[in-house]
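Engineer: Got a predicted model here, sequence first, then my questions.
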Amino acid sequence: MFSLLWLAPTLPLAGFLILATVGARLPRRVNTALGVGSVGLAALVSLLLAAAWAAAPPGAYTQTLWTWLHVGTFAPGITFYLDPLALVMLLVVTGVGFLIHVYAAWYMQDDPSIRRFFAYMNLFVAMMVVLVLADNLPLLYLGWEGVGLCSYLLIGFWYREPGNVKAAMKAFLITRIGDTALIIGLFLLFAQLGTVQIQALLAAAPGLTPAAATWAAALLLGGAVGKSAQLPLQTWLPDAMAGPTPVSALIHAATMVTAGVYLIARMHGIFTQAPGVMTAVAVIGAVTMLMAACSALAQRDLKRVLAYSTMSQVGMMFMALGVGAWTAAIFHFMTHAFFKALLFLGAGVVIHALGGEQDVTKMGGLRKTLPGVYWALLIGALSLAGFPFVTAGFYSKDAILYLSWTAARGAPWLWALGWFTAFLTAVYAFRMIFLVFHGPAVQAHPVRDARVSVPLGILAVLSVIGGFVLLPRVLGGFAPFAAFLRPVLPEPPQRDGGIFEVVLLAASAVASLGGIGVAYLLFARRRTTSPDAGLARFWRQGWGFDALYDRLVVHPYLWLAQECRHDVVDAFYHGLADVCLMLNGWLSALQNGRVRWYAGALVAGAVLLLALLVWR
Amino acid sequence: MTNQTISIAIFFVLGVGFWMIALAVSYLARPSKPTKFKETSYECGIEPSGSAWYQVHVRYYIYALLFVLFDVEVAFLYPWAVIFRRIDGGQMLLFSELAIFVLILVFGLVYAWRKGALEWE
Amino acid sequence: MTWADLPALYPMLIPAATAVLLLLTLTVRRDARLAAGVAMAGFIAGLLALAASAAELSHPVTMLLTVDRFAVVFWGILLFAGLLVSVFAVGYFRTLREPREEFYLLWLLAVVGAMVMAASAHFAAFFLGLELLSVSLYVLIAYPRMQSRAVEAGVKYLILAGASSAFVLFGMALTYAATGTLTFAELFTHLTLFPGDVLLLGGVVMILVGVGFKLALVPFHFWTPDVYEGAPLPVTAAVATVSKGAAFALLTRLLLGVIQAQPGHSTLAVIFTLLALASMIVGNLLALAQGNLKRLLAYSSIANMGYALTAFIAGGDAARVAIPYFFAGYIVAVLAAFGVMTQLSTPEHELQEVEDYRGLAWRYPWSAALLTVALLSLAGIPLTAGFLGKFFVLTAGMAAGRWTLVVTLVLTSGLGLYYYLRVITALYQAPLEGEQPTPPPLHLPHRLSVLTGLALAVLAALLLLLGVYPSPVLHLLAWP
């Protein structure tokens, strides 16, 4: 059964290849069916693998397809590695990916380049699966860059708008900074440990010197920060919303932006060798989540609210990783994928129903025209806000908050930041609900389509029940999810919980309910919508990071480039080019087209070789 | 320098030296009194006329080629005939090998014929 | 020779017999499509027979030929190239006024000659194959005989190849004088026993002149650009692939063992090193500013032979993998490049200049894509066949400690990247606004025949497959 593993990346890749090559000759319906079907089959394969795993867990399963090249110990193979962590990621990527593809079949149905859309989407899923299943660093990097490329292509999908192209370029360039750090980190690991195989690396990680471990972990963190839109490389994510909404749901919420979380969890053996970097992970996560939550509160664009929310939630996952709560981070990744995909898809329907309007302050009262979407979004928002005891978001968020205090690396101030973020999260989630669905009604077209209702329904159910796989100890401690992941991800060392756990649980619930209450007071009656001054404006613009980077990096860099246009270093390269061209001129002069001369050269060559022979 | 190299060198020097010395001696010894008739090229005593660069019809060329082809065929047949009797067994193989050879040439002749290479006009 | 030896030779005998059959067919019926069909059938049958004969390996057939795995691999490459060139020729020669049928006849014979060279174990077989190949090529190069440039190229090749053949013959004579034998195996024994025998080495060097001429190694390279430019495109492809593949296979057979057995600083090794260095440097430098794509590929082929020679000099098991792999990649890339050019050209009007290809991507996106991949492969960009070929060559060179060659290879490849990318950028440049939609030559709106399309698709697939999935080929190359 596990030998089917290679199909998981191959099926979407085949979908991409077919769409890219012969797709132009096929009717639109066939193209759509191909695009959705290939990911559907991949999801089916993942489910089969999960079923097989449940029946008889093999611990880990490795499938080597072939070795690309072999130099010394550097032998990157096309090898896939399946363990519980990879399986969870695989299920989410293909499962949520499939639902989003189904939705996209509706969302993109009138777009003239639907074939290109599904080709990119399939390529993305294939690359994401490669990233998740990679057994060695080069393959992981292939997937890593592959998803980056697809992200770029899909943000700029409607490339006729210059703004979209700029956003795509921004995302590509900023993540590139992180990617460069990542590849240097990978080289460093290979140089230190002499293997590119991830499991071998982790096994050998305790042998690293503290300096090497710190450098390697810091560089890996650089890659993760870029991909996951954390401080200081976070500015690309809000602009990435220029892509079609299914893209935002799949790439910029559920899967790709969490690749950084996966990377750190996967390489946790390296990070535990570098306590300083672990602290950095926690701090980066905590600061990002708080800042992004504030920004989300001030946004007017519906999709940007969700984008900042994603940034904030991923920051929370980073905080969990930083305190060593690997399982909690992956748990939150999973529930976040469910409810954030749900929110994005619902938001897409809302925008569609309003004919492209994205400003929440111009929306209202859609509860009546879009009742189904209302319920779906409500469930999503409840889960995001961590509504106590019934939603998935509550349990995953609580797990993180609990461990951010009680884990050995945790600290009360981390918990405090997390708690406040949770409160803000509930506020902005319900600000969105109240502004969009309540209050005075605006004109909208109702949407009824199975391709919308089925994915929304399934995601809504998952956003509720997805949390019951890891319950806190005071609620019975039913935790198959943690048990499942334990072979890969160890539990963090903890201080004693006891009655304290109940207190923290109650605090989480209070944050959630309090936030919803505040949102009700502020926004349900439209006391305030979105002020355009002071702090709100500052937050809306993402704490002014764009302007800051413009001043600090872009302008000085451009200035430097301008100044260095005619420097000495160039002279060397120009000289080299001139020498080459001069030699080219001389040699070309010899090619004069005269047979006599050519024959002479032939004889001269022969004489030269014979002379060499005799006089040596 | 090995022995052989020296012998080659000696051979080379002698070979080149012989004609150079011969030509030089004859150049020094002979009287040189050029006249107009002495300068003309010698053609069996007949007075030379026209250019030496005249064109030959391409038909001769094709005929010559075909002739050479079958000439060579015969040249191959002789040694074959000589050893045919001497070899015990495998004569069937020997025979078929030559038969194939001749057959291919016959096909070539057929081709040339059809192509019109044998027509003079 | 016994009847039992025959099956091993079928892959070679079938195309030879097809040539005779084609000769007869032409006496009955003149039809270019029929002739092309017969030739292709011959090549395909040869490839099928190859699959059958691959079972019997390391098989000396008389003292003239050896059918071992090396021969089988090179036969496969040669037959494949033979098939594709005939496919390209069908579309290319469609506008030719003169008879088109004899092209396929001569081409079958040329490939048979190349196959004889690749499997030869004796100087007689070597020379026979060499002349069969060369004489066919003399005619093929000048095949559109009303085109003065083709005739010029043909005459040039005739004179120079004739001269180089004379060198080969004289070298054989010297070798015979020194050893009293004409088999490669005896030559090897003598060379290892008497590595300083000047007479024998002189013979070998003379032969090397002839082989170097076919491979266009510097300083025997002068004919290459002129002949490449003048010859009709399918024949240029043939000269670049079949002729070079056969010559390199022969070189490997003749001297790889010797090079390996002798110390690294032996005279022969020094000579080969100089040839390789000169070819890499001069070839790449000459290509730099070249504006004619055919000439550019000619110079690039000079450099590529220098790369291949690096693996040859390195020797060892690595070279036994690197040489065929490099050639497979090189030949597929060259065939793809010339295939695209052929498909856009006719004998009367060939697209030769890089300028002619400006903006090709906007009219023929698939052709432009294939040409791009082919050029990237020649430049050795990862994920293409050329990368792995060059990679294996480099590994072989490094394993043998041939650092001068390795460093030169890497540095000159940098130069190579420049001129390949120059062509690629031209492909994707938009025709300038206001300017005459350059170039008029791209007016040929002919529909791709199914066969040509299939051939190009196969080449594209092979270029990528050889770049990412080398195991099957490596498995095939696992030398006995």
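Structural biologist: Received, thanks.
Engineer: from here on, contacts and neighbour counts on C-alpha atoms
Structural biologist: OK.
Engineer: any idea whether residue A:387 is helix, strand or coil?
Structural biologist: Each residue gets one of three states, and residue A:387 gets coil by DSSP: H, G, I helix; E, B strand; the rest coil.
Engineer: now swap in residue A:63 and tell me
Structural biologist: Here residue A:63 is recorded as strand under three-state DSSP.
Engineer: Bridged to it, which residues?
Structural biologist: residue A:80 (DSSP bridges).
Engineer: residues contacting the residue nearest the centre of chain A?
Structural biologist: The residue at the geometric middle of chain A, judged as the C-alpha nearest the mean C-alpha position with Cα atoms, centre = their mean, is residue A:257 (1.7 Å). Residues in contact with residue A:257 (Cα atoms under 8 Å, 6 or more residues apart in numbering or on different chains) are A:227, A:228, A:229, A:251, A:314.
Engineer: In terms of distance to residue A:524, which of these ranks first?
Structural biologist: Among the contacts of residue A:257, residue A:314 lies closest to residue A:524 (Cα to Cα), at 27.9 Å.
Engineer: next structured bit after the helix or strand of chain B with the lowest mean pLDDT?
Structural biologist: Here the helix or strand of chain B ranked lowest by mean pLDDT, DSSP states H and E is helix B:36-39, holding a mean of 79. Beyond helix B:36-39 on the C-terminal side, the first helix or strand identified by DSSP states H and E is helix B:58-84.
Engineer: how about that next one, does it get close to chain C?
Structural biologist: No. Helix B:58-84 is not in contact with chain C by Cα under 8 Å from any Cα of the partner chain; minimum separation 14.1 Å.
Engineer: What are the boundaries of the helices in the stretch 101-250 of chain A?
Structural biologist: The residue ranges that make up the helices of the stretch 101-250 of chain A, judged by DSSP state H, counting those that start in this stretch, are A:114-133, A:137-155, A:162-193, A:198-204, A:210-227, A:236-239, A:245-249.
Engineer: Around chain A, pick out the residues from chain C.
Structural biologist: C:156, C:159-160, C:163-164, C:198, C:201-202, C:205-206, C:209, C:219-220, C:222-223, C:226, C:267, C:271, C:282, C:285-289, C:395, C:468-471.
Engineer: And those, which of them are buried?
Structural biologist: The neighbour-count criterion (16 or more other Cα atoms under 10 Å in any protein chain shown) marks C:156, C:159-160, C:163-164, C:198, C:201-202, C:205-206, C:209, C:219-220, C:222-223, C:226, C:267, C:271, C:282, C:285-289, C:395, C:468-470 among the residues of chain C next to chain A as buried.
Engineer: Tell me which of the residues you listed fall in helices.
Structural biologist: Using DSSP state H to define helices, the subset of those located there is C:156, C:159-160, C:163-164, C:198, C:201-202, C:205-206, C:209, C:223, C:226, C:267, C:271, C:282, C:285-287, C:395, C:468.
Engineer: For the closest residue in space to residue C:87 that isn't next to it in sequence, list the residues it contacts.
Structural biologist: Closest residue to residue C:87 apart from its sequence neighbours, by Cα to Cα, 6 or more residues apart in numbering or on different chains: residue C:452 at 6.2 Å. Under the criterion of Cα under 8 Å, 6+ apart, the contact list for residue C:452 reads C:87, C:88, C:91, C:343.
Engineer: Just the closest of those to chain A, please.
Structural biologist: residue C:343 (19.9 Å; Cα to the nearest Cα).
Engineer: check contacts around whichever residue of chain C sits closest to chain B.
Structural biologist: Of chain C, the residue with the smallest distance to chain B, taken as Cα to the nearest Cα, is residue C:27 at 5.5 Å. With contacts defined as Cα under 8 Å, 6+ apart, the neighbours of residue C:27 are B:110, B:111, B:114, B:115.
Engineer: before we move on, back to that, distance from the chain centre to the least confident helix or strand of chain B, please.
Structural biologist: Relative to the chain's own centre, helix B:36-39 is displaced by 33 Å; criterion: Cα atoms, centre = their mean, to the nearest Å.
Engineer: now stretch C:107-115
Structural biologist: Using Cα atoms, centre = their mean, the offset of stretch C:107-115 from its chain centre is 12 Å.
Engineer: now do stretch C:298-311
Structural biologist: In terms of Cα atoms, centre = their mean, the gap separating the centre of stretch C:298-311 from the centre of its chain is 11 Å.
Engineer: Give me the contact list for it.
Structural biologist: Around stretch C:298-311, the neighbours that count as contacts under Cα under 8 Å, 6+ apart are C:215-218, C:221, C:224-225, C:228, C:240, C:272-273, C:275-284, C:286-287, C:318-319, C:322-323, C:326-327, C:330, C:390, C:393-394, C:396-397, C:405-406, C:409, C:416.
Engineer: Would you write out the ChimeraX command that picks the buried residues out of those residues?
Structural biologist: A single ChimeraX command suffices to select whichever of these are buried according to 16+ other Cα under 10 Å:
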select /C:215,216,217,218,221,224,225,228,240,272,273,275,276,277,278,279,280,281,282,283,284,286,287,318,319,322,323,326,327,330,390,393,394,396,397,405,406,409,416
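Engineer: Sketch out the low-pLDDT regions of chain B for me.
Structural biologist: Residue ranges of chain B with pLDDT under 70: B:1-2, B:121.
Engineer: what about 50?
Structural biologist: Of all residues in chain B, none has pLDDT under 50.
Engineer: now swap in the stretch 101-250 of chain C and tell me
Structural biologist: Counting by pLDDT under 50, the stretch 101-250 of chain C contains no low-confidence residues.
Engineer: where along it do the helices fall?
Structural biologist: Listed in chain order, the helices of the stretch 101-250 of chain C (DSSP H, counting those that start in this stretch) span residues C:101-119, C:123-141, C:148-179, C:184-193, C:198-215, C:223-230, C:233-238, C:244-261.
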